[in-house]
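Engineer: heads up, no residue letters with this:
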């Protein structure tokens, strides 16, 4: 049976590190997924209001066949500038796509943003939003270990009416593949079932990683969404990246991203709404050959990616804490 990796983080996938940076005054942050070497990447967009950068370049029929980093950021449209900082940092170190000797390489850095603009932080930045600098700080901090909850891209997030956050999880198969996920949970829908504190993702939990309550409290009546946001609160989006060390083609990575989206459906109700911008990237570090039959192994990896993403979503909310000197409802405040 697959179990979590030693860290239970996406960085259990060999060849990946993660860096994060926050601005407590603004109540926002940035997360960077940094491969050791250029990595195959794909993306799947399901939400009705996405905010993305460089996603068209990832289509299998286009020239780009690998990326240098993936950026997940708060800040709505302003947060797209976080990838500018990451690009500058990578380019200064000679990383990126190059065609001609003697000119700077061009790092390929796709990204996605979530809306954390209405959380009470100081957004009076005028012509100098903080995201480019946050991107540079985050990529410079990349390491195997990183914080969950109120950290990185999930620093300013809300999950329904509860404090959202950054979550991660991993799984290692019996035949040696590793799959991981990282997510910024800023969903319109609820991550817990009505009337209690049981996560929708409870059936997929491993080793009591988000409380160990089990699935006994799950129930889902029509229109019973529990702690979802109000209809007027149309400022959301859950953004994520899944990864594996299996060597995938761009088309296979796209299928991994498509299958991983089901992790959102297992952990958030409702999801992929007209005012969500849900996006999942998929990275292959290519450390392990894809065994035959390839489509069967890919299906297994996609199912595990969805499980990891569901678990990561619950972990992000489970680990979330209030901002300094502020009150915001957290999962830990719910009656047991």
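Structural biologist: That came through fine. These numbers were taken from a predicted model, which means no experiment stands behind them.
Engineer: Report back the residue of the chain that's furthest from centre.
Structural biologist: In terms of distance from the mean C-alpha position of the chain, residue 102 ranks first, at 35.7 Å (CA atoms, centre = their mean).
Engineer: What does it show for phi and psi?
Structural biologist: Backbone torsions of residue 102, given as degrees, to the nearest 10, read phi 90, psi 0.
Engineer: immediately after the longest strand along the chain, which helix or strand?
Structural biologist: In the chain, assigned by DSSP state E, the strand with the most residues is strand 279-288. Next helix or strand after strand 279-288 toward the C-terminus (DSSP states H and E): helix 294-318.
Engineer: For that next one, name the packing helices and strands.
Structural biologist: Packing partners of helix 294-318 (3 or more CB pairs under 8 Å, 6 or more residues apart in numbering; DSSP states H and E): strand 165-172, strand 178-185, strand 239-246, helix 250-260, helix 262-267. For every residue, glycine as well, the C-beta is placed using N, CA and C.
Engineer: Give me the packing partners of the fourth one, helices and strands only.
Structural biologist: Where contact means 3+ CB pairs under 8 Å, 6+ apart, helix 250-260 is packed against strand 40-45, strand 239-246, strand 279-288, helix 294-318.
Engineer: Relative to the first one, what are the paired strands and their orientations?
Structural biologist: Sheet pairing for strand 40-45, assigned by DSSP bridges, gives strand 279-288 (antiparallel).
Engineer: Would you reformat the helices and strands packed on helix 294-318 as TSV and include mean pLDDT, mean neighbour count and distance to residue 146?
Structural biologist: Shown next, in TSV, are those (pLDDT from 0 to 100; neighbours: other CB atoms under 10 Å; distance: least, CB to CB, whole Å):
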stretch	mean pLDDT	mean neighbour count	distance to residue 146
strand 165-172	98	30	8
strand 178-185	98	33	9
strand 239-246	98	31	13
helix 250-260	97	22	20
helix 262-267	96	24	20
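Engineer: can you tell me the average pLDDT over the longest strand of the chain?
Structural biologist: Average pLDDT, strand 279-288: 97.
Engineer: ok and it relative to helix 250-260, angle-wise?
Structural biologist: For strand 279-288 against helix 250-260, the angle by axes from the mean of the first three to the mean of the last three CA atoms, to 10 degrees is 130 degrees.
Engineer: From the chain's centre, how far out is strand 279-288? Work that out for me.
Structural biologist: 13 Å (CA atoms, centre = their mean, to the nearest Å).
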